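K.L.:
please work out how this folds:
(one chain, ligands or ions: 1)
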Amino acid sequence: MRFTTNLTAGDAASILDAQAPGRPAFVEHSHVVSKVARSIALALRESETGIDVERIATRAMLHDFGRSCTHGNYHGWVGYAMLRRRGLAHYARGCVTHWLRGLPLEEVLHLSPSARPQFMKRVYEELDLPQMTDDDLVVSVADFSVAHTSIVPLEERERDLVARYGDSRWLRRNAELARAHRSELERRTGLSLDQIVPELGKHRDAAREGLHK
Ligand SMILES: [Fe+2]
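P.N.:
From the prediction side, this is the model:
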């Protein structure tokens, strides 16, 4: 399937459904990530020009496309390569950038000694990394705000990932970068992420009530 016109998040959802029918967990997760990304993109568009809300929501919808094939460490690259083969590389940046999150190449090679330098170098060249575009920043923060299908603060998502996959320097560094991306978006929108994403605000209020009980 090749698209000559702009893809919407709805189109991306159809592509995802055709690729992974029956709404597996990662597809449900992708729908929520796309919704959160749209909220952030809308807030960013209020304060800046040149923000393509639909493209951001589309890239967010497709960020975990590779999970239709593998849940391994390289699902980000696999998803990108699968979409590129369909002529959809333009919408597939999030597959790679939610994985590498703006890390310099040298740091990736240091943090994951099993990564092959030549291969990683090609990935960096293909996507002009480690540069993070506005779309990448939004997808990074949106993805880190969604544990399965629950919208949670980045700090809670970090705890969830450590509990699920075990602690690692890679994970901690990714969480640190996601927090830096949140700070940048908060500065640029003039709003906290809690204000931008209503579910996060509710989450915070519920946690506060819990404390006072
Ligand atoms: Fe994700």
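
K.L.:
which element is the closest residue to the ion within the chain on?
P.N.:
Residue nearest to the ion within the chain: Asp143 (4.2 Å; Cβ to the ion). C-beta here means a position set from N, CA and C on the backbone, and glycine is covered the same way. In this structure, Asp143 sits in helix 134-144 according to DSSP states H and E.

K.L.:
rewinding a little: ok, the closest residue to the residue of the chain closest to the ion other than its chain neighbours - how many residues close by?
P.N.:
Leaving aside its chain neighbours, Asp143 sits nearest to His98 (4.7 Å; criterion: Cβ to Cβ, 6 or more residues apart in numbering). By the criterion of other Cβ atoms under 10 Å, His98 has 25 neighbours.

K.L.:
His98 belongs to a strand?
P.N.:
No: per DSSP: H, G, I helix; E, B strand; the rest coil, His98 lies outside any strand segment and is helix.

K.L.:
what sits against it?
P.N.:
His98 makes contact with His63, Asp64, Gly76, Asp136, Val139, Ser140, Asp143, according to Cβ atoms under 8 Å, 6 or more residues apart in numbering.

K.L.:
how many neighbours does the fifth one have?
P.N.:
To tie it back to what came earlier, the one meant is Val139. 32.

K.L.:
repeat that for the one 4 residues further on.
P.N.:
Around Asp143 there are 25 other residues, counting by other Cβ under 10 Å.

K.L.:
next one: Gly76
P.N.:
Per other Cβ under 10 Å, the neighbour tally for Gly76 reads 24.

K.L.:
skipping its backbone neighbours, what lies nearest it in space?
P.N.:
Nearest non-adjacent residue to Gly76 (Cβ to Cβ, 6+ apart): Trp99, at 3.1 Å.

K.L.:
give me the angle between the longest helix along the chain and helix 134-144.
P.N.:
Assignment by DSSP state H gives helix 25-47 as the longest helix of the chain. Put simply, helix 25-47 runs at 130 degrees to helix 134-144, going by axes from the mean of the first three to the mean of the last three Cα atoms, to 10 degrees.
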